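Peer 1: Turn this into a model:
(2 chains)
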Amino acid sequence: MVGALVEVVGLWKSFNGEHALRGVNLTVRPGEIHGLLGLNGAGKTTTLKCLVGLLKPDRGLLRVCGINVTVDSSYKDLIGFLPENPPLPEYLTAKEFLLFAARLRSLSGPSLDQRVSEVAELFDLKRHYSKLIYELSKGVRQRLAFAASVVHRPSVLILDEPFNGLDPEAQRTAKQIMREITDLDGGVLVSTHLLDSIERICDSATIIHEGKTIISGTLNQLRSATNLADSEPLEEVFIRLISGRGRVS
Amino acid sequence: MTLIGLLVSAKFKQYLGRVKRSPRSILSLLSVYLLWLSVVGAMSVVLRISGIVSGSGPRVVLENVTLILVTSVLAVGVFLGMKGGVTALPYEIYYVLTSNIRPITFLLSDFVFQAIILSTFVLPPTSIVLAVLSYPHHVEYLVRGLPIYFTAIIFTILLGHLLGVSRHWLGDSRSRILGWLILVATFLPLLYLALGVEASPTLGFHPSVILMRSVSGQYGVLVLLAPYFASLLVAYMLAARENFYPSVSPVLFTALMEPPRQFTKYVKTLQPITRLFSINTSGGGVSLMYRLHLTRVMREGTLWTGILVLLFLTLANSAAPRLMGIGQFPEVAELTMISLYIPLLPALLSINWSRLGEAEVFGW
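Peer 2: Next up, the predicted model:
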C-alpha cells in the first residue's frame, strides 16, 4: 500500500521446525496507532522482533517507511523500539543510559544533551538521574525504557507491552507521546494484552491467532466483522474472533 | 567518545557493575585474582626448585608450556565461537542491535572488550610462569613470549567472532560441525604430544606449533602464520559487512556454571535427593539467602555442573605434567596443578551466586 509506514505481508517464521508465524499481515499508516492483539504465544513478539531486525524471517515482506528491512538497515534510524520487560544495563545510571541510547540513535553535540534532558523531564526521570538502574523501581525502569525508545524522535514507534508496570500518570504520558508521533504523521505499532487501553488509543488493530492474522482493520471494522454494535467493548470482539465466531477478512 | 569507545565502556560498566557495588566485592574479586596468581607463582617455584626444569632444560619446558597455553587459548576461542562468538549482553541485543550501528562497529567493540578481558586473565599468570621458569633469562623469554601469547589472543578472538557469524552464513548445525572440526584440529599437536608419537611434518604448519617454535627464537617460522591471519582478516572483513544481528544470542553471566539444556534432564533423576533439602525460613536474612541459593543450585543442577567442571579440570591438569614431559617429579607437579584449581570451585560457584547481592540491596 502506498504511503504505509509499516507493511508486513505473509510473514512466516519457525523455530526448530515449529511454525511460530504462519502468515502475518498488517499495515500501519501515517498518523495511526495500530494495535497488535493476540493471546499469549500468538506470535506478537516474534512479529515485532522480525520488524526490528532481531529475527530473520523465513519468508514474507517487511517494510518500514518503504525500506525493505531484510536488506537495508537504514530504517533503524527511523524506528523506536520498546521491548517487553526491557533488559536495561543495570550498572549505568539513568542519565548515562539515556545518553547511551541517544548516541546509538545518531544524536550528538548540544542537541543530544538537550533532547535527553527533555525526555527525562517528560517522564519525570530527572530526580533518578544519578541512580544506577538496578536501584530503580519497576515503574521508573519502564518509564526510562520508554524515554529511551523516543529519545531520537522516531517516525515509527514499535512497542511491546508498553504499559507493564506504568502507573496511570506515566501511562498518560506514554499515550500523549504516541499521539504526538502520529500528529506528526508518524505511526505507532503497539502490542498489548490490555484491550481497554488499546481501545482508547488505537485507530486500528490486527488480531493474530496461532501465528496467523485473522483480521486487520479499524476498530469499527473489527466490530462489524463480529456483528457487534459500535458500543461493544473490544474485549468481546476479540473473544469472538479468536473463537471463530466472527467473519474473518 | 567514538561509538566503539561508547560501546566498550558501557560493556565494562555492566560487566564489572556488581563489583562496583561495595568495597567488599572489590576486595573479594581482587583477593581471588591475587590468590590465583600466587598459586600460579607457587606452582612455578615448585617446578623450578624441584629441578624439573633442569632435567629437560628451560627451552623445552617453555616450548611445551607455550604449546599448551596457546592451544588452550585457541580452544577457548573456538568453544566460545560455537556458543555464539560475539559477546552480546541482553541490553545490547535490544538497544544496540536494533539501532543502525554497523556490524563492524559492534564487532570491533567486542574485539576490544574481549582482548582486554582475555589479556587480563592470560598475560599476568603467563608472565609469572615464564619469568620463574626461565630465570635468569626471564627478560629475554618475557620479551619473546608475551607478544606470542597476545597474538594467540588476537587469533582466538578473530576465530570466535568468525565462528559466531558463521551461524548466519551456514546455519546453526553446519556452524557447529565446523566448530567441532576446528576444535579437533586445534588439539592435534597436544594429542601427538600426549600420545608420545612422532608428529606428522605437516603439523609444523599448525598455528600453535608455529607460535611454540617462535618462543625459542625461531622468528622465521612466524611467516607461516601470515596465510592464517590473511584468511582470517579477509573472512572478518566479509563478516563485518553482513547483517549477522539476527543470529547473535545473549551471553550468560553464569558462563560455565549454566547447566547445559540436556544436563537438566539428568539432574531430574537427583530430585528425590535434592528435595530432601528444604528452606528453613528461620534465621536472619543473609543466611536465608544462602539457603535459598544453595537449594536452587542443587535443584537446577549448577552445583553438579560445578563439580563436573572441577573434575574435568583436575583430570586435565593431572595429565598436564606428562604432556609437558616432566615425568621426573609428577606427584608434586600434579599436586601443585590441582591446587591451582581448588580456589576455582568457590569462584565458579560465586559466579552463579551473584544474586546474593540481593541481600545487600535489601539492607540485610
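Peer 1: for the residue in the stretch 151-300 of chain B positioned nearest to chain A, what are its contacts?
Peer 2: The stretch 151-300 of chain B approaches chain A most closely through residue B:246 (4.0 Å), counting by CB to the nearest CB. Yep, even glycine has a C-beta here, placed from its N, CA and C like the rest. The contact partners of residue B:246, by CB atoms under 8 Å, 6 or more residues apart in numbering or on different chains, come to A:53, A:54, A:55, A:56, B:168.
Peer 1: Surely the third one forms part of a strand?
Peer 2: By that I understand residue A:55. No - residue state for residue A:55 (DSSP: H, G, I helix; E, B strand; the rest coil) corresponds to coil; a strand is not indicated.
Peer 1: Compute the number of surrounding residues for the nearest residue to it once chain neighbours are set aside.
Peer 2: Distances taken as CB to CB, 6 or more residues apart in numbering or on different chains put residue A:49 closest to residue A:55, at 4.3 Å, once the chain neighbours are dropped. Each residue near residue A:49 was counted by other CB atoms under 10 Å in any protein chain shown, and the total is 23.
Peer 1: now the one 5 residues further on
Peer 2: With neighbours defined by other CB under 10 Å, the count for residue A:54 comes to 19.
Peer 1: Selection in PyMOL covering whichever of the contacts of residue B:246 are buried, please.
Peer 2: To isolate in PyMOL the members of the contacts of residue B:246 that are buried, counting by 16 or more other CB atoms under 10 Å in any protein chain shown, one can use:
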select buried, (chain A and resi 53+54+55) or (chain B and resi 168)
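Peer 1: Nearest to residue A:65 among the contacts of residue B:246?
Peer 2: Proximity of the contacts of residue B:246 to residue A:65 (CB to CB) peaks at residue A:53, which lies at 13.9 Å.
Peer 1: tell me the contacts of that closest one?
Peer 2: Going by CB under 8 Å, 6+ apart, residue A:53 touches A:69, A:73, A:76, B:97, B:98, B:243, B:245, B:246.
Peer 1: Please produce a markdown table containing these, extended by distance to residue A:231.
Peer 2: Formatted as a markdown table, the contacts of residue A:53 follow (distance: CB to CB, whole Å):
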| residue | distance to residue A:231 |
| --- | --- |
| A:69 | 38 |
| A:73 | 44 |
| A:76 | 41 |
| B:97 | 44 |
| B:98 | 39 |
| B:243 | 47 |
| B:245 | 45 |
| B:246 | 44 |
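Peer 1: quick check, nearest of those to residue B:164?
Peer 2: Using CB to CB, these come closest to residue B:164 at residue B:245, 11.4 Å.
Peer 1: ok, the closest residue in space to the closest one that isn't next to it in sequence to residue A:141 distance?
Peer 2: Spatial nearest neighbour of residue B:245, chain neighbours left out: residue B:97 (4.5 Å); criterion: CB to CB, 6+ apart. The gap separating residue B:97 from residue A:141 is 20 Å, by CB to CB, to the nearest Å.
Peer 1: can you check residue B:68 too?
Peer 2: In terms of CB to CB, residue B:68 sits 46 Å off from residue A:141.
Peer 1: same question, residue B:88
Peer 2: To residue A:141, residue B:88 is 20 Å away according to CB to CB.
Peer 1: Is the residue positioned nearest the centre of chain A in a helix, a strand, or coil?
Peer 2: The centroid of chain A falls nearest to residue A:159 when counting by CA atoms, centre = their mean (2.1 Å). Classification of residue A:159 using three-state DSSP returns strand.
Peer 1: Go ahead and confirm it touches residue A:197.
Peer 2: No - counting by CB atoms under 8 Å, residue A:159 does not reach residue A:197; the two are 11.1 Å apart.
Peer 1: Just want the residue of chain A that's nearest chain B.
Peer 2: Going by CB to the nearest CB, chain B is nearest to residue A:91 of chain A, at 2.5 Å.
Peer 1: and that residue, how many residues sit next to it?
Peer 2: A count of nearby residues for residue A:91, using other CB under 10 Å, gives 21.
Peer 1: Any residues of chain A in contact with chain B? List them.
Peer 2: Contacts of chain A with chain B, taken as CB under 8 Å from any CB of the partner chain, map to A:52-56, A:73-74, A:76-77, A:79, A:81, A:83, A:86-92, A:96, A:100-101, A:103-106, A:132, A:134-135, A:148.
Peer 1: Show the contacting residues for residue B:158.
Peer 2: Contacts were defined as CB under 8 Å, 6+ apart; by that measure residue B:158 touches B:77, B:232, B:233, B:236.
Peer 1: Identify the farthest-apart pair in those.
Peer 2: Spatially, the most separated pair among the contacts of residue B:158 is B:77 and B:233, at 15.3 Å (CB to CB).
Peer 1: Between the two, which has more neighbouring residues?
Peer 2: Using other CB under 10 Å, the more surrounded residue of residue B:77 and residue B:233 is residue B:77, with 28 against 11.
Peer 1: was I right about the more buried one contacting residue B:156?
Peer 2: Yes - between residue B:77 and residue B:156 there is a contact under CB under 8 Å: 2.9 Å.
Peer 1: Report the contact partners of residue A:46.
Peer 2: Listed by CB under 8 Å, 6+ apart, the contact partners of residue A:46 are A:13, A:20, A:21, A:55, A:211.
Peer 1: The last one contacts residue A:24, correct?
Peer 2: Right, the one you point to is residue A:211. Yes - the pair residue A:211 / residue A:24 is scored as a contact, 7.1 Å apart, by CB under 8 Å.
Peer 1: Make JSON lines out of the contacts of residue B:158 and add distance to residue B:9 and secondary structure.
Peer 2: Shown next, in JSON lines, are those (distance: CB to CB, whole Å; DSSP: H, G, I helix; E, B strand; the rest coil):
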{"residue": "B:77", "distance to residue B:9": "24", "secondary structure": "helix"}
{"residue": "B:232", "distance to residue B:9": "27", "secondary structure": "helix"}
{"residue": "B:233", "distance to residue B:9": "26", "secondary structure": "helix"}
{"residue": "B:236", "distance to residue B:9": "23", "secondary structure": "helix"}
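Peer 1: pLDDT check: weakest of those residues?
Peer 2: Least confident of these in the model: residue B:77, at 84.
Peer 1: check contacts around that one.
Peer 2: Counting by CB under 8 Å, 6+ apart, residue B:77 makes contact with B:155, B:156, B:157, B:158, B:159, B:160, B:163.
Peer 1: ok, residue B:119 to residue B:149 distance?
Peer 2: The value you get for residue B:119 to residue B:149, if CB to CB is used, is 9 Å.
Peer 1: Quick check: buried residues in the longest helix seen in chain A?
Peer 2: Assignment by DSSP state H gives helix A:168-183 as the longest helix of chain A. Of the residues in helix A:168-183, A:170, A:171, A:173, A:174, A:175, A:177, A:178, A:181, A:182 count as buried by neighbour count, 16+ other CB under 10 Å.
Peer 1: Those: which two are farthest apart?
Peer 2: Using CB to CB, the two most remote members of these are A:170 and A:182, lying 19.1 Å apart.
Peer 1: which regions of chain A sit below the pLDDT cut-off?
Peer 2: Across chain A, residues meeting the criterion (pLDDT under 70) sit at A:1-2, A:245-249.
Peer 1: where do the strands sit along it?
Peer 2: Using DSSP state E, the strands of chain A run over residues A:6-15, A:18-28, A:32-37, A:59-64, A:67-68, A:79-82, A:156-160, A:187-191, A:204-209, A:212-218.
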